[in-house]
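In: Fold the following, please.
(3 chains)
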Amino acid sequence: MAKLPVAVIGGGLGGLWATLRLAEAGIPVNLFSLFPVKRSHSCCAQGGINAVFDIKGEHDSIWQHIVDTIKGGDYLADQPPIVSLCEEAPGLIRTFDRMGVTFSRTPEGIMDQRLFGGVKNRRTCFAGATTGAQLLYAVDEQVRRWEVEGLVNKFEFWDFLSLVLDDAGVCRGVTAMDLKTSQVRAFPAAATILATGGLALVYGRSTMSSNSTGAPAGRVYQQGAKFANGEFIQFHPTGIPGHDKNRLMSEACRGEGGRVWVPRGKGDKRPPRDIPEEERFYFLEEWYPTYGNTVPRDVGSRAIFKVVHHMGLGVSGQEMVYLDLTHKPREFLEARLGGILEMYETFTGEDPYTQPLKIFPAAHYSMGGLWVGYEAEQGADGLMRMKHASPKNHATSIPGLYACGECDFAYHGANRLGANSLLSASFSGRVAGDAVTAYLKSEKKAGEEIESSKCEAERARQDEINQRMIRADGGENAFTLHGELGDLMRTDVFVERDNAALDRALDGIRMLRERSANICLDHKGDWSNQSLSWGRQVQDMIVLAEAITKCARMRDECRGSHYKEAFELKVPEGKFEGDPEYAEYKAQWKANNDQWLKHALVSFTADGPEVEYAPVDTCVMPPEKPRDYR
Amino acid sequence: MADAQIRFRIKRQDKPDAAPYWDDFVMPYAPGHNVVSALMYLREHPVNARGRGVEPVVWESNCMEEVCGACAMIVNGTPRQACAALIDQLTQPITLEPLSKFPVVRDLLVERERMFAALKQVKAWVPLDGSQDIHEGAPRISPVDQSLRYLFSRCMTCGCCMEVCPQFHEDSRFIGPAPLGQVALHNQHPTSTYFRSERLQALMEPGGIADCGNAQNCVKVCPKDIPLTQAIGELGRQTTVQWLKDLFVR
Amino acid sequence: MAEAVAGPLDQHHFAIRRLHSLMGIVPIGAFLFNHLLTNSTAFLGEKNFDDHVLWIHHMPWLLAIEVCFIFVPIAFHAVYGVVIALQARSNVSRYGYGDNWRYMLQRVTAWITLVFIVVHLVHFRFAHWFGAESYAAAHPYFLAFTQQGFTMWLPMSAWMVIYVIGLAAAVFHLCNGLVTFCITWGVVIGDDSRKRLSLAAAALGLLLMAWGLISLYALGTMEARGPGGAEPAHVAQHEHLS
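Out: Sure thing, here's the model as predicted:
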């Protein structure tokens, strides 16, 4: 008898790695994706992927990579998985290398490494400026090979809708909609892996691809999977605001001497070059005389937000400020920033050599996501790490459902280190594939097909939702609703948060949720109805936005990307270890950790999200000292 | 102001077997629009130029940064990524058509499965023993070879090169330029080249490299500037050698 | 195409395509080169031309050579070329790149050349099937015979137009074909080498055109003496030998 396949949802780096591992173990896979998997959002990652090879004589070590990742995440990630992530990174990269990834080379022909944000050592492997695409293509090729072998069956242009759960609450299959015919089908599955990526589209325009809605995570969350640490969203200070998305602009522009400013006069309509120097407000330089324009990302983001939203000084009254390079000689800019500025010109049509860039912070990466577990194991060296091929690794709170990649909450805690996302996506996909292989061995029932009535019931339920939405004429436009959701999230749940605004946001989201029940589609047919799939995704995005906002409302502290001014612990200026003021600060910091160093776990209820807290496993490196970047 | 509007002429098709038709759209001008962001506006306000409510235009897009290959379509007569086609740089009315060499699913959305199938045909992958760590990477690759391979490895399977190729169409078996670039990429890799003969033999089948007509359009529209004609020349040489080997050595 | 034909054609697809490409250069291209070279001697005088043609006529196994190295290759190249040309969906109106124009012209000139070759063969090689005098009968006054041919059935001006068009088509097809041959076989790969090759092919094309045009000029302007004049020296010599 043919084995029951595993369902993998999403064909980015995580989903493809999981698929590859399963196929290599001889397990058939149904791979679902909204589009041909080669177009997944992983291809957008430009910078690189971290792994310690220490090829530059810097005495870099895996331990240092572990420390950087833990501290970068402000201790909010379980540590044994981080140990495994960093330890296995070099092996993972070697495998990518064998797959034919065009990693940039040293003159001696080995993989080159470069420096990336937040760390001291050259630890980042890269393939030109398209590392994510290169990694994605390599795994895509390997999976295609298994497709030819008949073990992988791709369902491209299919939208995952829901899980099929048995009476014991075990995931035994999925339902999905063919985006061409709008037909809903149920697929019995031995296990299911969700690898559906980020959710930053709940912020309307973000740096994400236009399909990174987070809707699949929202769907399984509504079916009982726990969502964790939703409040932790990484914002990138220098996004290029666009009508469609906010494209990422490299931080290097600030580093190379770019000056951030807005006109002092509200609603000043003059072209930037006509505004005299004394009427320009170089707010970063004024507010932070020491660092000026090179303040850290989060400080910069919040300052820009303040100038635009609190002071109303956004350029042309819009969400943007100037990042000016025009005072630098053209030759200098071409040599240092040529490629980046060319990209800016391609997508804005403006000449960055003569016109200041227009930027605004943009939602970029979600550290939070579906809660996933792991099995820890102590090594001979005493370190706790993730046990290899344990069925508990990357298992969600729903038995039989696994999650990997950006849609899970692991590894990054409260903030993510640059070039760690390609690593965690690939690594977690590999782990999830191995975990499911183990799960199928240990759970005999998993291989049996669930009774067809259960599948049919779920299929009919989903089809009914479709039909209702197609028939409805409530007057709400799904695209407009999404725009409003984004506006709300970018105003009240953004780089700086306060409880009054978050309460307001929760009210607003609840209203959007009510309105989203009245979505009326402009497209009433079955054939290739993109409005239908979008309408459903918007509903699920709103649910997820509520969970994120609720988490943010509940967490009264500053940690990583989550910032509430009222609860900020300020490092006493000019005081260091040994000073009594510093000792007091340290005590406060420890007390705060005792209260807040914990995962927020959100459960869906009909009345809204319910948050409970769970401890963080800090057995590898307990938080003894505050981060101090002075 | 003449520029206060953005005007579109969009070739639409309701079903794969339905007749195509043109629909005109007008939307308010705003600086900074590209074709996809404008289509996003139109799907939120699906009213055509005659003021009639219509079903929103269907198209495919994802990354919006010209790396995923999804939004390739014919913009003012040229196949390109719609997300990188800035309204301010286009003459109006802007005509949008689906790629003509692939079956239309609906409006601007086409089915490019044939391109992915071709990658299977030519075994465009490294023959790995498994994805486990074998405690070794790939053999050393010189920076020169790496940069040459990098040119080809950026192919996003968007189909622009296929669209302009006069030899590639629904009635021809020609595999098209994009998969040829991938063969060139893999035949250059120190271990992927183990499949070299098999790939070349696949390319010597009907519809393979010999069906290239040397029109050299492919290289001119590639959004990633992939040197496709160089790949074709290189593969011409490799297949010639393979053919002679098969004739005289085997 | 019928399945019965498609089978072996598919099986040997690559070999047939390569042979088709090769035939265009050797022997057909080489023959055209030689043919135009021979013709161009008309410009150097009647005797010169008649000498060269006579030399050809005295080649051993002439008929076999003609059949194996001219008729069969041309027939194969033409018939299979039609199959190839029918697969093209030229799109120069949309994509007017130079290379694309050459791609289109390669196919257009193929059709013109094909028609022209048929006309040319009927005109001279097989004219006797259509009631005209046999080429062999002209022996050894070839130039005079050829000149007569140019006033047969049509006025000379019409023939000249036909021949200039046919000549240009054949020369373009050969020279552009030489470039595509080199790409197809992998003789040139990079852009720069392709550009150099294109220049060389263009130079060859000019040479061949020049040869063709001066021979036509000679035919149109020269007063051939033919049988009425003194017997060419080479004829006498030949007769002595035999």
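
In: quick one: the helices in the stretch 1-150 of chain A?
Out: With DSSP state H, counting those that start in this stretch as the criterion, the stretch 1-150 of chain A has helices at A:13-24, A:62-72, A:79-98, A:131-149.

In: Tabulate those (TSV), appending distance to B:Ser142.
Out: The C-beta positions use only the backbone N, C-alpha and C, and glycine is treated the same way. What follows is these, written out as TSV (distance: least, CB to CB, whole Å):
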stretch	distance to B:Ser142
helix A:13-24	27
helix A:62-72	28
helix A:79-98	14
helix A:131-149	18
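
In: Let me have these in a markdown table, extended by mean neighbour count.
Out: Output for the helices of the stretch 1-150 of chain A, formatted as a markdown table (neighbours: other CB atoms under 10 Å in any protein chain shown):
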| stretch | mean neighbour count |
| --- | --- |
| helix A:13-24 | 30 |
| helix A:62-72 | 20 |
| helix A:79-98 | 24 |
| helix A:131-149 | 24 |
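
In: What residues does chain C have near chain B?
Out: Chain C comes close to chain B at residues C:9-10, C:13-15, C:17-18, C:84, C:87-91, C:94-95, C:97, C:99-100, C:103-104, C:179-180, C:183-191, C:194, as judged by CB under 8 Å from any CB of the partner chain.

In: Mind giving me the PyMOL command for buried ones among these?
Out: Here is the PyMOL command that selects the buried residues among the residues of chain C next to chain B (16 or more other CB atoms under 10 Å in any protein chain shown):
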select buried, chain C and resi 13+14+17+18+84+87+88+90+91+95+97+99+100+103+104+179+180+183+184+185+186+187+188+189+194
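
In: A:Leu161 is nearest to which of the helices of the stretch 1-150 of chain A?
Out: When the helices of the stretch 1-150 of chain A are ranked by distance to A:Leu161, counting by CB to CB, first place goes to helix A:13-24 at 16.7 Å.

In: And the closest one, what does it pack against?
Out: Using 3 or more CB pairs under 8 Å, 6 or more residues apart in numbering or on different chains; DSSP states H and E, the elements in contact with helix A:13-24 are strand A:6-9, strand A:29-33, helix A:131-149, helix A:421-442.

In: Out of these, which is closest to chain B?
Out: Closest of these to chain B is helix A:131-149, at 3.7 Å (criterion: CB to the nearest CB).

In: any residue of the closest one up close to chain B?
Out: Yes: shown here: helix A:131-149 in contact with chain B (CB under 8 Å from any CB) through A:133-134, A:137-138, A:141-142, A:144-145, A:147-148.

In: following that helix, which helix or strand shows up next?
Out: strand A:152-156 (DSSP states H and E).

In: Return the set of buried residues in that following strand.
Out: Buried, per 16+ other CB under 10 Å, within strand A:152-156: A:152, A:154-156.

In: how does chain B divide into domains?
Out: B:2-110, B:113-248 (automatic domain parsing).

In: and C:Asn48, which of those is closest to it?
Out: domain B:113-248 (38.9 Å).

In: How far away from the center of its chain is the closest one?
Out: 14 Å (CA atoms, centre = their mean, to the nearest Å).

In: Can you give me the end-to-end span of it?
Out: 37 Å (CA to CA, to the nearest Å).

In: Report the mean confidence score over it.
Out: Mean pLDDT, computed over domain B:113-248, is 96.

In: Next: stretch C:200-218.
Out: 97.

In: So for that stretch, what gets flagged as buried?
Out: C:201, C:204-205, C:207-209, C:211-216, C:218.

In: Just the CA trace of it, in CSV.
Out: As requested, the backbone C-alpha atoms of stretch C:200-218 are provided in CSV (Å, rounded to 0.1, in the frame of the first residue of the first chain):
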residue,chain,number,x,y,z
ALA,C,200,34.5,38.5,-41.3
ALA,C,201,31.3,37.0,-42.7
ALA,C,202,30.2,40.4,-43.9
ALA,C,203,33.5,40.8,-45.7
LEU,C,204,33.1,37.5,-47.3
GLY,C,205,29.6,38.5,-48.4
LEU,C,206,31.0,41.7,-50.0
LEU,C,207,33.5,39.6,-51.9
LEU,C,208,31.0,37.1,-53.1
MET,C,209,28.6,39.9,-54.1
ALA,C,210,31.3,41.6,-56.0
TRP,C,211,32.2,38.5,-57.9
GLY,C,212,28.5,37.9,-58.7
LEU,C,213,27.9,41.5,-59.8
ILE,C,214,30.9,41.8,-62.0
SER,C,215,30.1,38.6,-63.7
LEU,C,216,26.6,39.8,-64.4
TYR,C,217,28.0,43.1,-65.5
ALA,C,218,30.3,41.3,-67.9
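
In: coming back round to it: in JSON lines: the residues of helix A:131-149 next to chain B, plus pLDDT.
Out: Below are those laid out as JSON lines (pLDDT from 0 to 100):
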{"residue": "A:Ala133", "pLDDT": "97"}
{"residue": "A:Gln134", "pLDDT": "97"}
{"residue": "A:Tyr137", "pLDDT": "98"}
{"residue": "A:Ala138", "pLDDT": "98"}
{"residue": "A:Glu141", "pLDDT": "98"}
{"residue": "A:Gln142", "pLDDT": "98"}
{"residue": "A:Arg144", "pLDDT": "98"}
{"residue": "A:Arg145", "pLDDT": "97"}
{"residue": "A:Glu147", "pLDDT": "98"}
{"residue": "A:Val148", "pLDDT": "98"}
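
In: Go through those residues and say which is closest to A:Ala176.
Out: Closest to A:Ala176, out of all of the residues of helix A:131-149 next to chain B and judged by CB to CB, is A:Glu147, at 17.9 Å.

In: which residues sit in contact with the residue nearest to the closest one when sequence neighbours are not counted?
Out: Leaving aside its chain neighbours, A:Glu147 sits nearest to A:Lys154 (6.3 Å; criterion: CB to CB, 6 or more residues apart in numbering or on different chains). Counting by CB atoms under 8 Å, 6 or more residues apart in numbering or on different chains, A:Lys154 touches A:11, A:31, A:33, A:37, A:147.

In: was I right about the fourth one contacting A:Glu156?
Out: So the one you mean is A:Val37. Yes: at 6.7 Å, A:Val37 counts as touching A:Glu156 under the criterion of CB atoms under 8 Å.

In: list the residues that contact both of those two?
Out: A:Gly11.

In: possible to save the buried residues of strand A:152-156 as CSV with distance to B:Val219 and pLDDT?
Out: As requested, those are exported to CSV (distance: CB to CB, whole Å; pLDDT from 0 to 100):
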residue, distance to B:Val219, pLDDT
A:Val152, 33, 98
A:Lys154, 30, 98
A:Phe155, 34, 98
A:Glu156, 28, 98
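
In: For the most centrally placed residue in chain B, give its distance to chain A.
Out: Nearest to the mean C-alpha position of chain B, by CA atoms, centre = their mean, lies B:Gly159 at 1.9 Å. Distance of B:Gly159 to chain A, computed by CB to the nearest CB, to the nearest Å: 11 Å.

In: I figured that residue hits B:Pro103, correct?
Out: No: look at B:Gly159 against B:Pro103 with CB under 8 Å: they stay out of range, at 11.9 Å.
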